[in-house]
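J.: Pasted the sequence and its predicted model underneath.
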Amino acid sequence: MKPVVALVLLLRFVWQLIVSGLTTAWLIVRPARPRPGLVRMRYRNLDDVGVSILGCLISLTPGTTTIDIDTERGELLLHLLDADDPAGTVAGIRSEFERPLQRLYPAGEANDG
Amino acid sequence: MTPRALILTVAARAIYPLMLLVSAWILLRGHNEPGGGFIGGMVAVSATAMLAVAHGADVAMGRMPGGAMRLATAGVLLSLISGLPALFLGLPYMTHLWGTLPLGFTDVDVSTVLLFDIGVFAAVWGALGGVCASAIAIDEAVR
Amino acid sequence: MGDSTLAVSIIVGAALLALLLAFVRLLRGPAQADRVVALDVVFSSSIAMAAGAALASGRALFLDVAIGLAVVGFVATIVWARLIEASPREES
Amino acid sequence: MSAVLVFAIGAVLAAGLFLAMSRHLLRVVVGVSLIGAAANLMLFVSGRLGGTPPVIEAGLQALDGGTNPLPQALVLTAIVIGFALTCFSLILALAVRQSSDQGDADHLVEAEPPAGSDGMPAVLDDAPDREPRA
Amino acid sequence: MQMLTIALIVGGAALLVLSALGLFLLRDALSRQHAATKSATLALGLLLIGVGLQGGDAAWWGRVAVILVLLLITLPVASHMLARAATRHAYTEDELRAVPDAESGADQDARGG
Amino acid sequence: MSGFLVVAPVLVPLAFALITALAHGRPQRVANLSLAGAFALLACTLALLVRVVRDGVQRSAFGGWDAPFGIEFVVDPLSASMAVITALMGVAALVFQRSSADPAPEGPTLHPLVHALLAGVGGAFVTGDLFNLYVWFEVMLLASLGLLALGMARRHLEATLKYFVLNAVGTLLLLIGVASVYAMTGHVNYDALLSASGGIEPMRLLPVVALLCLAFLIKGGAFPVFAWLPASYHTLPAPLLALFAGLLTKVGVYAVLRMLADVFVAVPDVAYQALGWIAVATMITGVLGAAYHWDMRRILSFHIVSQIGYMLLGIALDSTQGTVGTVFYILHHIVVKANLFLIAAIVFALTGSYDLRRAGGLWKARPWLGVLFLIPALSLVGIPPLSGFWAKYIVVREALTQGQVVWAASALLVGFLTMYSMMKIWMQAFWAKHPDDAWTPPADVRLGPAWVVTVGLAAITLVIGLMPQPLYVFAEEAARVMGAGS
Amino acid sequence: MAEAKINGAPSPHPGNASRLGWLALLPLALFGLALHQLLSDAPPRVLDLAWFPSAGVDLRFLLDGLALQFVLLITGVGAMVMVYAGGYMAGMAQRERLFVLLFLFMLAMLGCVTSDNLVVTFLFWEMTSLTSFLLVGFKHEYTDARKSAQQALMVTFGGGLVLLAGVIMLGNIAGTLTISELIATAPAWRDDPRLGAAIGLLCVGAFTKSAQLPFHFWLPNAMAAPTPVSAYLHSATMVKLGVYLLARLDPAFDDLALWQQILVPVGAATAAWAMLLTLRERDLKRILAWSTVSALGTLVMLVGLPGEAAATAMGTFLLAHALYKAPLFFVAGNVDHCTGSRNIDHVTGLAPRMPWTAAAAALAAISMAGMPFSMGFVAKDLIDIAKEQGGALAWISYSSVFVNAITVAVAAVATIRVFFRRRGEEGVPGEIHEAHWTMLLPPLLIGSLGITLGLLPWLLDPLIGGTVSSTGPGGVFEGIEPAVTHFHAWTAIAIAAALGAVVFVFWDRLHRLIEQVLLRADPLSSIAWYRRMMAAIPALATALTPRLQNGRLTTAVLLILVSLLVLTIGALWLGGAVVVPDMGTPSLTVAGASLAMIAAAVGVCLVRDPFLMLLVSGFIGLSSALLFLFLAAPDLAFTQFAVEVAFVVVIAAVLLRMRRLGAGVGGDAPVLPRLLIAVAASVTMMLVLLGALDGPFDTALPDYFAQASYPEAHGRNVVNVILVDFRAVDTLGEISVVAIALLGLLPLLALLRRRQAGRTVTGRPGAHP
Ligand code: NA
Ligand code: NA
């Protein structure tokens, strides 16, 4: 099961990379300047490796970069290149990356989110 | 913001061996393609530097075989020694010897050249890796 | 080789332009982070140029340089980033 | 070799020399390393330019149309040495800065203190703090 | 030379220039970082694949693959580190604490730490 | 075995540098290994010298790649004798280190760096390749920087920095010089350069050789580019100071000699004229610097500069006799100068200061030390029959023979001024009363090794002085071999 | 200033004498041997040992007449000095050293006068200067003694250097350094145009040693030495070395006009001027010292005069002077030793207390004054004859009347005034008593010899004959005519005695007069010039050294660059037109990378922020890597990129700490001159390189590497093959450099880390992650 999850994750990753690059390019050239901003996102049931990978994947997601991971609070600090709809962006992250990662790298008892 | 960059810490564990692998590859093929002991060593140095940033200088130096100073000196010593066999054969110093090592399933070309280049690799990695890691260590305490 | 000269010119031209822009950002800042970001673009341009050199000469060995650059450019970026992060806050 | 390359090397050399005459220690150190960079480039062009990379292609026995490999090898050696020197000098400059509260190349006077009002050289006070070994 | 190769190379080159332009079109270091890492990496990917196609044999492909893998692994880490550095100087600790949660909208302090 | 002996001046110290570095953590073992290494080097170089004297010039083309393609070590009489004296200085410094007269701080890097320095110096003396010479210069530079910084106090660090900047500029000029030489001739091997430069119009050689020689003159401490030397030497502990003072500048002079007398012999006469005037200025500014200072180490440091002038003068005379004078001068001077610094350290250990204004009373308390001091001091001044007299005699005689009256007169005048500043040391440290009335020489200093070394070196000075003929014949042979260019 | 004060122990117990005095037996034995050689009428002895044949320096010793006379003088007076010193130095600290030095000195003197090689003579000559230095400075804890010793050394050593130049030139001219050969071949090289310079140099050397004008001042000051030393060195032996050397070379130059034109006036002027200066002194030893200078002048003049008569007079006067001056010094020493003073104002009328000393003084003074039946009488007569035969100028004859008169007066002062005439109110203190016998025997013995030989002058014939035969041009000696038979000798001595009596009577008044006159001339005196010169050395050093070596790094770098400019511009100028090779059109890549590099080079000079400067300098590295990339050097590009990264790591660490510390610099050095020099130096260096690049290029090396790399060294990457095989030793050195850099840095890094840790503990506790 896990290899399949990992493979799906990898494919999503590559796809997101391409989308990310192009979206960023679009944000650069489009006439309206993007309105960047910071946002927090809580995560659940991920160990250190899992949340790190999540952070990486987020960084690859169009327009988002992980700034900080607070494992004690179970929080990610993100920078959005275009902060018009933070909730939507976060929702995308949860569905695309967080869930598969929770299956691959579930947190031990020490970190239950 | 937390003082620790978790992503770097975690990623470094994976990237470090990868970079060493790349450096060894660069070292071994250097006689025929761009690369060689020095460039391979430099890649290893950057691996050590990365590890030092991620996990601290002491960890990075601990991961160098034998520690920085010993690795560097042993490397130079290896290069120096690789030229000595020739002297016993009455050839000038640093005359490289080539031979084939039969391993049963395949034959491997071995030479003192490779020893020399490995010595270069170790010397560069040990010395410059040591310098880089120690430089990073200078300011670790205040972070 | 002849048909790749155009490709080479495009790559090199683009990389040089990127290099120039990055250099200007490097000089202007204003934040130190801007400069390191610019440096990252410099590394990317350099990798592109290595690819261009490979294409121009028809020798894959220039891609080895790109491999090296990919590895070490990353280290440079994180070290600079770490430096800026650790340095005292800028007044700007 | 093109004129623009000559100018480039000359510019780096001039910049290095200019910085080497600075009073800022860090600039001096960077200046010296730039002189080294220029020297490497000069060594590089000394073997004449042009040709393919000096790597013998598979199937061939000898380098054909390759550029002069010797300066490349020499420059490689020089780059490494220059880098070792640069590392040393940077950390040394830092150590100096830290130990003397002085980043001014013209005020490194602990070992060469200026003469007294009578024109006599100052007494160097380094003797007492060296303890004889047991 | 195939059209695909040309397209990849031209696209990559354009994207590379665009990323560099991003250094000017975007407002602050945090935003520029998006351009420098994501778009530029994609640009390199396109370029290298194009070059690999042009070179043709395993020697080229193998190397291109190695470069791409290395870039993919290092990109999010570099991006993350740059973003951290930029954030540290762009925001005060108080401002960071006041960053809202994407889903709840509450800031860190409001949630009582 | 000959193959080994030719590389020994580099391999032995380099190996011991590495071994002592690997053995760190066991200080006593490191110190013993280090001393053993110095003796081993001495034995090897002596064997090499014997071989050279018996069988002629020894060569080894490394890797079996014959010159001009590979790197060659060429050991002619000059190189061999320089290698021997390098080893001798190593032994002297390391034995002296065991006394308590201003020893270097024993750390894990001291002995490796000392041997690395010896390796660099040895390499510079035996190599027959210009770029390889550059490499050994850098080995020397890094090792000396490490040794200079060992003290770690502010004065050491500042001195190291000055030393670094000025010497690094020097070695980089050398590198640029090498680049120009290669650009012009397509070679870096000495012999190949000799034959290649013969086919080039002499005047075209001039700028390249000027650049090269300036680099060597910086290393040699010539006027007006000697500033690094008096800026740093006096911060060194005595054994290292002796090592530096004896060897480092002489490498620069050796290189100038090698270039002008053996490699670029086609260079036009104006180069030698210029060198002659540089030599005169070096002699005079050096000796005046010595007259200015009161710290023995600084006085002696400036004397190095001054004496370098004599050696350069010999080269500038561009003749067999001039070369003989320079060779004789270098060999004698290394011993004498190192010894003077070591004796100054004994004075320091006994009186508590290197500054003459704070020393005194030694002629009464330690007359034998006075006698010991007088031997190298008067040799440096050029009092017959000490070694320095013959060195000066040969150079001045050749200058007068060539009708270079001003050069000869300057050489003699500088002898006078040298006497002046040596007398300053004598009268202050030995004759004058110690400024502290309660002073008596301390009894708890361990000076045995110091005495062994200084007396030994003084004995060498005496032997050279009393039996100048063998050394002269040797120097003449060295000059002849070089002049032949072979 | 008085020596007794310096001694600190004016009156050691008279009953004691140091046993070291027995050492006199050694010189006495030598004296005996020399005397035997003289009387046996054997041919000159020669010892010939090869020493430094390549330089023409051999240990060839020749014991001819002149040498014998000096040997007898050195050993004879030497023996007496040892005896005397045994008494004089009794109980004094470091007396053993004095004897060691006296023996060394004696050895040097003997070597000097017997050597037949000019360089060996010079060797011993310098040895006498040095031992004399140590002897004059015997009481080294006193500043005056040190100064006088230094003065004596600097003058004689400086003169020695001039002498050396003369010796070398003479050797070059004559083609030999062996004196006897040189004299034998003189006619062959006498026309050499360089001879005048050589003679001038030799004379200056000799004049310094023998205290001739204008180097006369050091001798009286050397009286800081203990009296045995003064008697030995500064009257009987060392100061006569200059005369010896001139006499030794006299056969070669005797009839040379230049020789006479130098020696005769200088000698005569010295003789007269020194006598005038005698009148300025109150110190008995200094009075005697000036009269010694005068006698030396006379001797020099005699050497300069041509003919056998001059040689005879020289030989005789040399001996006569030693025989009266040495006892007088001993006498002065006794006076000093027993009274604690040598000032002729204080020590008078001592005869009752010191009868034997007085007797010795009288014996010596008779000879000094040239009274009939003394050796001085004989000598003065011979001098007059020599002047007559040698055709001396009239003023010299007049001046010698003056010299003789004051000589008489000095002799009178030393005896009549000191011993036989009471001056001042208080009498001679009661505790003064006669010196120990060891201090009486030498002056009495030598003094009597002076009288004896005056009475029996034919005893001198073998000795003076030997001297004449080895110094006179023809070597014909016909015996010393007894002066008593010469009428003009009597008249001369009568005039001298009469004038001398007047001077003696008016001594104090003359003293004041001359003191007043000469005081005005003092700034012009040679001692003043000497002092100025000695002061000029530190002054010049102080003016020059702190400027040249001002401790500023910028100055030092500037000096290097200015030297570079001077040398390279000079060389380029001499090397002809500056050549610029053909330059092709650059490719886009090379042009781009070059322009990037130029931009960065300009930028790095302009930026102020250190962080930015380092980034921009890194940009230079990157652009040079690009150049390597486009100029077919993948390995180099690879290396350069890799190095840039490590550079970044180190820089980052350094910068971080540096930012906390601050730059620590105010302004920077002025921009415009720096810029001009930097650009000029860069342009010239590039021109040197371009000049070197112009012309055909020998491709032997790259061709060989291209061919041999794969078949022979089994590598396809030729650059790597060069690095690990063709030039592996370079690489070995290179990695050594890298490893050494680490070794050198380890302590520094540890230091920096330690300091930081310390700061953390005090400054920011708990900051560690
Ligand atoms: Na010549
Ligand atoms: Na005469």
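T.: Ah, there it is. Numbering: from 1, shown residues only, chains lettered A, B, ... in the order given. Ligands and ions are numbered 1, 2, ... in the order given.
J.: how deep is the nearest residue to residue G:343 once chain neighbours are set aside tucked in, by neighbour count?
T.: Residue nearest to residue G:343 in three dimensions, not counting chain neighbours: residue G:282, with 5.2 Å by Cβ to Cβ, 6 or more residues apart in numbering or on different chains. From N, CA and C alone the C-beta is placed, and that goes for glycine too. Neighbour count for residue G:282, taken as other Cβ atoms under 10 Å in any protein chain shown: 14.
J.: give me every residue that touches residue G:282.
T.: Residues in contact with residue G:282 (Cβ atoms under 8 Å, 6 or more residues apart in numbering or on different chains) are G:343, G:344, G:345, G:511.
J.: What backbone torsions are found at the second one?
T.: When quoted as degrees, to the nearest 10, the phi and psi of residue G:344 stand at phi -70, psi -10.
J.: so who does it touch?
T.: G:282, G:283, G:284, G:287, G:413, G:417, G:418.
J.: Quick check: chain neighbours aside, which residue is closest to whichever residue of chain D sits closest to chain A?
T.: The minimum distance from chain D to chain A, using Cβ to the nearest Cβ, falls at residue D:94 (29.9 Å). Closest residue in space to residue D:94, ignoring its immediate chain neighbours: residue G:654 at 4.7 Å, by Cβ to Cβ, 6+ apart.
J.: Kindly report the same for residue G:580.
T.: residue G:690 (5.5 Å).
J.: What score does the one you found have for pLDDT?
T.: For residue G:690, the pLDDT comes out at 92.
J.: picking that back up, now do the residue of chain D closest to chain A: how many residues are near it, please.
T.: 28.
J.: Same check on residue G:673?
T.: 11.
J.: roughly how far apart are it and residue G:680?
T.: Computed as Cβ to Cβ, to the nearest Å, the residue G:673 to residue G:680 distance reads 10 Å.
J.: residue with max distance from the center of chain D?
T.: residue D:59 (41.4 Å; Cα atoms, centre = their mean).
J.: measure that residue to residue B:34 for me?
T.: 18 Å.
J.: what do you get for residue B:6?
T.: 36 Å.
J.: again with residue D:66
T.: 13 Å.
J.: Could you give me the buried positions within the longest helix seen in chain A?
T.: If you go by DSSP state H, chain A has its longest helix at helix A:2-29. By neighbour count on 16 or more other Cβ atoms under 10 Å in any protein chain shown, the buried set for helix A:2-29 is A:9, A:12-13, A:16-17, A:19-25, A:27-28.
J.: Neighbours of the residue nearest to residue D:94, how many?
T.: So residue G:654, with other Cβ under 10 Å, has 28 neighbours.
J.: my read: it touches residue D:93, true?
T.: Yes: the pair residue G:654 / residue D:93 is scored as a contact, 7.2 Å apart, by Cβ atoms under 8 Å.
J.: overlap in contacts of the two?
T.: Common neighbours of residue G:654 and residue D:93, counting by Cβ under 8 Å, 6+ apart, are residue D:26.
J.: can you list the weak-confidence ranges in the chain?
T.: Assuming you mean chain A. A:1, A:108-113 (pLDDT under 70).
J.: The chain in question should be chain F.
T.: In chain F, residues with pLDDT under 70: F:1-2, F:484-486.
J.: rewinding a little: so if I had to pick from residue B:6 and residue B:34, which one is more boxed in?
T.: Neighbour count, other Cβ under 10 Å: between residue B:6 and residue B:34, residue B:34 has more, with 29 against 21.
J.: ok, back up a step: element containing the residue nearest to residue G:580, please.
T.: helix G:671-693 (DSSP states H and E).
J.: and that helix, what does it pack onto?
T.: Counting contacts by 3 or more Cβ pairs under 8 Å, 6 or more residues apart in numbering or on different chains; DSSP states H and E, helix G:671-693 packs against helix D:3-20, helix D:25-46, helix F:154-185, helix F:202-220, helix G:553-574.
J.: follow-up on the earlier one: reformat the contacts of residue G:282 as JSON lines; add pLDDT.
T.: Formatted as JSON lines, the contacts of residue G:282 follow (pLDDT from 0 to 100):
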{"residue": "G:343", "pLDDT": "88"}
{"residue": "G:344", "pLDDT": "87"}
{"residue": "G:345", "pLDDT": "84"}
{"residue": "G:511", "pLDDT": "91"}
